[in-house]
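> Build me a model from this:
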Amino acid sequence: MGLIFGTLYPAYYSYKAVKSKDIKEYVKWMMYWIIFALFTTAETFTDIFLCWFPFYYELKIAFVAWLLSPYTKGSSLLYRKFVHPTLSSKEKEIDDCLVQAKDRSYDALVHYGKRGLNVAATAAVMAASKGQGALSERLRSFSMQDLSTIRGDGAPAPSGPPPPGSGRASGKHGQPKMSRSASESAGSSGTA
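The predicted structure follows:
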């Protein structure tokens with residue numbers, strides 16, 4: 001309810017103010033959004049400490065209704081009496097802080113971005129070097145077994161347990177199993 005009442009209704013009327021180019025309506029809705037942003041920020045903290053207070057949520061809804069009401073002009077009143085004078089007197093300091101924060105965040109982004117890329121590159125190189133050795137050993141064991149099976153000359157098989165699916169298992173009659181491509185190769189070499 002608060003979401004619809006506090007954001008969608010003012011958002012639609014803000015759209016209408018921009019569309020109609022009515023400066024008075026535009027300023028009215030800008031004041032509302034500034035007050036609503038401050039209210040939302042304060043609400044983040046007050047929700048933690050005051051949620052136990054009786055009628056707390058109802059009071060928040062009533063406050064948003066007061067801000068929106070064209071009769072009370074709550075957002076305009078708060079903006080003109082409190083927000084505008086405070087922001088006007090502190091504008092230079094706020095701008096300086098924002099510039100410093102922007103510069104620091106850019107520097108931090110570059111610093112941590114470089115570190116992140118270095119870590120990722122190191123991890124990729126390590127994985128590739130470890131993976132390449134394991135892959136080449138695996139391929140070597142497959143190829144040595146396949147060659148000894150195809151030749152059938154009783155060449156010594158590589159030591160160690162056979163890799164799964166390597167073709168070392170015996171068939172029904174004690175002869176080595178051959179893959180389809182291996183048997184075709186053996187059959188074609190015998191006809192040549």
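> With just CA atoms, put stretch 121-132 into PDB.
Provided in PDB are the C-alpha atoms of stretch 121-132 (Å, rounded to 0.1, in the frame of the first residue of the first chain):
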ATOM      1  CA  ALA A 121      44.900 -14.500 -14.700                       C
ATOM      2  CA  THR A 122      47.100 -16.300 -12.100                       C
ATOM      3  CA  ALA A 123      44.300 -18.800 -11.400                       C
ATOM      4  CA  ALA A 124      43.700 -19.400 -15.100                       C
ATOM      5  CA  VAL A 125      47.400 -20.000 -15.800                       C
ATOM      6  CA  MET A 126      47.700 -22.400 -12.800                       C
ATOM      7  CA  ALA A 127      44.600 -24.300 -13.900                       C
ATOM      8  CA  ALA A 128      45.800 -24.500 -17.400                       C
ATOM      9  CA  SER A 129      49.300 -25.800 -16.400                       C
ATOM     10  CA  LYS A 130      47.900 -28.300 -14.000                       C
ATOM     11  CA  GLY A 131      45.100 -29.400 -16.300                       C
ATOM     12  CA  GLN A 132      47.500 -29.700 -19.300                       C
END
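> Pro65: what's its closest spatial neighbour, skipping adjacent residues?
Residue 65: Ala, not Pro. Phe5 (7.2 Å; C-beta to C-beta, 6 or more residues apart in numbering). Using the backbone N, CA and C atoms, a C-beta is placed for each residue, glycine as well.
> try Trp66
Gly74 (4.1 Å).
> list the contacts for the one you found?
Shown in contact with Gly74 (C-beta atoms under 8 Å, 6 or more residues apart in numbering): 35, 63, 66-68.
> hey, where'd the helices end up in this protein?
Secondary structure of the chain (DSSP state H): helices at 2-3, 9-20, 23-50, 56-68, 74-78, 84-151, 180-191.
> most neighbours per residue, which of those?
Of all the helices of the chain, helix 74-78 has the most neighbours on average by mean count of other C-beta atoms under 10 Å, namely a mean of 19.
> picking that back up, can you give me the distance of the residue nearest to Trp66 to Trp33?
According to C-beta to C-beta, to the nearest Å, Gly74 and Trp33 sit 13 Å apart.
> do the same with Lys60
Counting by C-beta to C-beta - Lys60 and Trp33 are separated by 17 Å.
> Also Glu93?
23 Å.
> do Cys51 as well
Counting by C-beta to C-beta, the gap from Cys51 to Trp33 is 25 Å.
> How about His111?
Taking C-beta to C-beta, one finds His111 at 35 Å from Trp33.
> try Phe39
Applying C-beta to C-beta to Phe39 and Trp33 gives a distance of 10 Å.
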